[in-house]
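In: please find the sequence and the predicted model below.
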Amino acid sequence: MGTIFHTGDFKFDQTPIDGRPADFARIARIGEEGVLCMLSDSTNAERPGYTLSERIVGEAFTAIFQRAKGRIIIASFASNVPRVQQAIDQAVRFGRKIAFLGRSMQNVVHFSSELGYLRIPPDARIKIEDIDSYPPERVVVMTTGSQGEPMSGLARMSVRDHKQLKIVPGDTVVISATPIPGNEKSVYKTINNLYKLGATVIHGTDGRSHVSGHASQEELLLMLNLVRPEFFVPVHGEYRMLVQHGRLAVQTGVEPGNVFISEDGDVLEFTREYGDKIGKTYGGNVLVDGSGVGDVGEAVLRDRKALSNDGIVIVVIAIDAEEARIIGEPDLVTKGVFYLPESDGVLDELRNELRTAIADVSVEAIRDVNSVKEHIRSTLSRAINSRTKRRPVIIPVVMEV
């Protein structure tokens, strides 16, 4: 049908670290050959102007390395290879050894070095296990965890849960990233924990230790004008960012009806002259639960939510089906419903109410196990709700003897 052009994450850096700026001529040639549809990164679609060059971070790193008296720990996206290279360059410049922490960081460093994208002098790199063999002022650690991921290197360091590296007063921690929308709470929790351990923390755009890797409005407009697509699908961003990017596309001449603001799961269909949304498929989260993948249903999740909010009450009762009478006392087991020291008196009251309620049940109803269960459930639900304003999951267990 035609060419689909997907930008991926991009920005037009005129002074890139690797010395290889964007090939505008090649992009323009693709546009001249004809592009049916372009999908483009929308992360900074609300930000006017141009995104700063990655070299700004190098200047900030220089200032940080000059000031830091102890160890320097830099957290960044492992996939940001130019950022890793700048940390390496500054470590070499200031006579520090560099170690890499985190599986994804170590994998990226390994393969980037093999493919020639990273340049690490052999004598500059050390293993993370060996950092204690060097004075603090001669060590740099590059780690994962810039988004506060619970199991990442930095998050575990912030709660002293990392076997190989403990944060100590005098350490300088540089979080060379900004929080992805939705990650703010976990990122700031990590920062607070690092401060509690006595570290100096430089984060966000403090001292320009981070610049975005995404194109701002002028770069998005330039990409649209170079490619000149027939249809346009803004991707990779919050919904408001997609809408703003769509407006930019219209400014460059894309027909408003040819801009599709899509959500996960939307299905688009194109011919050479026509494009439209034709339906929806599943595009949400896939839940991993133990060994199962995607097999947790709504009912299970609903029960777990109820259990986490209001707890559970298990009632065990024995009935003589032939004589249609209750045998012994009802037994109540509660989890997450009552505060333990006060629970005995409340449980005695509930047992008495339950015993009275069951005594009023007709002989025919007692012979029907399901009827007894429903009676127990409704009686206890009302009694507990009147005392606690909670509605725990109630599981009656009726044994016929």
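Out: Yep, that arrived.
In: and the helix or strand hosting I326, how far from the chain's centre?
Out: For I326, the host element (DSSP states H and E) is strand 325-335. In terms of Cα atoms, centre = their mean, to the nearest Å, the centre of strand 325-335 is set 45 Å apart from its chain centre.
In: which other helices and strands does it contact?
Out: Counting contacts by 3 or more Cβ pairs under 8 Å, 6 or more residues apart in numbering; DSSP states H and E, strand 325-335 packs against strand 312-320, helix 340-359. The way it works is simple: take the backbone N, C-alpha and C, and place the C-beta from them, glycine included.
In: what lines up beside it in the sheet?
Out: Partner strands and pairing direction for strand 325-335 (DSSP bridges) are strand 312-320 (antiparallel).
In: between the strand it pairs with and helix 340-359, how many degrees?
Out: Interaxial angle, strand 312-320 versus helix 340-359 (axes from the mean of the first three to the mean of the last three Cα atoms, to 10 degrees): 40 degrees.
In: show residues contacting whichever strand or helix holds V397.
Out: If you go by DSSP H and E, V397 is part of strand 393-400. Contacts with strand 393-400, where a contact means Cβ atoms under 8 Å, 6 or more residues apart in numbering, come from 303, 306-307, 310-321, 369, 372-373, 376-377, 380-381.
In: other residues contacting the strand holding I326?
Out: Contacts of strand 325-335 (Cβ under 8 Å, 6+ apart): 311-320, 343, 347, 350-351, 354-355, 358-359, 366, 376, 392, 401.
In: then stretch 18-26?
Out: Contacts of stretch 18-26 (Cβ under 8 Å, 6+ apart): F10, F12, D13, Q14, T15, P82, Q85, Y117, L226.
In: what does stretch 226-245 give?
Out: Stretch 226-245 is contacted by residues 2, 5-6, 9, 24, 27-28, 30-31, 34-46, 181, 220, 224, 246, 249, 252-254, 258-263, 268, 270, 275 when judged by Cβ under 8 Å, 6+ apart.
In: just stretch 182-199 next, same as before
Out: Under Cβ under 8 Å, 6+ apart, the answer for stretch 182-199 is 73, 145-150, 154-155, 157-160, 167-173, 175, 179, 201, 203.
In: try 7 Å
Out: 147-148, 154-155, 158-159, 167-169, 171-173, 175, 179, 201, 203 (Cβ atoms under 7 Å, 6 or more residues apart in numbering).
In: residues of it that come out buried?
Out: Buried positions in stretch 182-199, judged by neighbour count with 16 or more other Cβ atoms under 10 Å: S186, V187, T190, I191, N193, L194, L197, A199.
In: mind putting the residues you listed into JSON lines with secondary structure and pLDDT?
Out: What follows is these, written out as JSON lines (DSSP: H, G, I helix; E, B strand; the rest coil; pLDDT from 0 to 100):
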{"residue": "S186", "secondary structure": "helix", "pLDDT": "92"}
{"residue": "V187", "secondary structure": "helix", "pLDDT": "92"}
{"residue": "T190", "secondary structure": "helix", "pLDDT": "94"}
{"residue": "I191", "secondary structure": "helix", "pLDDT": "93"}
{"residue": "N193", "secondary structure": "helix", "pLDDT": "95"}
{"residue": "L194", "secondary structure": "helix", "pLDDT": "95"}
{"residue": "L197", "secondary structure": "coil", "pLDDT": "95"}
{"residue": "A199", "secondary structure": "coil", "pLDDT": "94"}
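In: can you list those in TSV and add distance to S133?
Out: As requested, the buried residues of stretch 182-199 are arranged in TSV below (distance: Cβ to Cβ, whole Å):
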residue	distance to S133
S186	33
V187	32
T190	27
I191	29
N193	27
L194	24
L197	22
A199	21
